[in-house]
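> Let me see the structure of the following:
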Amino acid sequence: MFFDSHCHLTAEQFDVDRDAVIQRAVDAGVTRLLTLATDVESSRAVIALAEKFDVVFCAIGIHPESVRDSSLDDLILIRELAKHPKVAAIGEIGLDFYWDKTTADAQQTFFETQLELAAELNLPVVIHDRDAHEKILGTLREMRELKELRGVLHAFSGDEAMAREAFDLGYVISFGGPITFKNNKRAPDLLRALPLEKILIETDSPYLTPHPFRGKRNEPLHVRYVAERIAEVKNLSIEQVAAQTTSNAKKLFRVM
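Predicted structure coming up:
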């Protein structure tokens, strides 16, 4: 029923009960999970986890926060690992100017190189964008000649204009727990304005836990609360939201 398009199942927060977390998600109607890597080590780990569970697929790559401790040679390994049949995307890649602006140039190099790699391998990308809206869009504009490029702007925090430009460039966007927060006054108008056909849902678990569990560890089973919020705002049934967002994710990641 649900497709959690972004979770971090190999995070240490799940070390004590990882298998149970996945089973709880399945029992709650989550039929597909995409688990994301942040560096070479975690890329190997997400592939191993995806091999173990039929419902789990993975994305591999170098996260912007991992750039400081990575080298471009690591992308040679990422290219080889991406041949695995359970690898559905290159990610999590992008730019993060919130935590560390000193690596901005290196982040940009890794971002562009991994976009090129995704186009070469005909894989979608999962893009991390924190305090870097215009730089992200500018890069995607400059690289739009790579016709194979497609992907998702995960944990979308931009405005309607940014979303619509992303759509025009061939990308979709994803929403998670923050749209359920009572103090998120922008979310309802944004959700009403955007077509459901261009939206994915995610948990980003173990992070960004939705209301009413905010402050606790997030899990993929909580993706239901994201779908419920979208359904409420757009005056749809949760079944409609689940079916459409699952279809959207399957189409993007080519996961049947």
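> Do a quick rundown of the helices in this structure.
Counting by DSSP state H, the chain has helices at residues 18-27, 40-52, 74-81, 104-121, 133-142, 160-168, 187-193, 223-234, 238-253.
> Redo those helices as a markdown table? Include distance to S205, mean neighbour count and mean pLDDT.
For glycine as for every other residue, the C-beta is placed from the backbone atoms N, C-alpha and C. Compiled in a markdown table, these are given as follows (distance: least, Cβ to Cβ, whole Å; neighbours: other Cβ atoms under 10 Å; pLDDT from 0 to 100):
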| stretch | distance to S205 | mean neighbour count | mean pLDDT |
| --- | --- | --- | --- |
| helix 18-27 | 8 | 17 | 98 |
| helix 40-52 | 14 | 19 | 98 |
| helix 74-81 | 23 | 16 | 97 |
| helix 104-121 | 23 | 18 | 97 |
| helix 133-142 | 23 | 16 | 97 |
| helix 160-168 | 23 | 16 | 98 |
| helix 187-193 | 19 | 15 | 97 |
| helix 223-234 | 8 | 22 | 98 |
| helix 238-253 | 16 | 19 | 98 |
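> Quick one: closest of the ones you listed to G177.
Closest to G177 of these is helix 223-234 (Cβ to Cβ; 6.6 Å).
> what angle separates that closest one from helix 238-253?
Here helix 223-234 runs at 110 degrees with respect to helix 238-253, directions being taken by axes from the mean of the first three to the mean of the last three Cα atoms, to 10 degrees.
> For helix 223-234, list the C-alpha coordinates in PDB.
The C-alpha atoms that make up helix 223-234 are tabulated as PDB, following Å, rounded to 0.1, in the frame of the first residue of the first chain:
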ATOM      1  CA  VAL A 223       5.000   6.900   6.500                       C
ATOM      2  CA  ARG A 224       1.200   6.400   6.900                       C
ATOM      3  CA  TYR A 225       1.000   9.700   8.900                       C
ATOM      4  CA  VAL A 226       2.600  11.600   6.000                       C
ATOM      5  CA  ALA A 227       0.000  10.100   3.600                       C
ATOM      6  CA  GLU A 228      -2.800  10.900   6.000                       C
ATOM      7  CA  ARG A 229      -1.800  14.500   6.200                       C
ATOM      8  CA  ILE A 230      -1.700  14.800   2.400                       C
ATOM      9  CA  ALA A 231      -5.100  13.100   2.100                       C
ATOM     10  CA  GLU A 232      -6.500  15.500   4.700                       C
ATOM     11  CA  VAL A 233      -5.200  18.700   3.000                       C
ATOM     12  CA  LYS A 234      -6.100  17.600  -0.500                       C
END
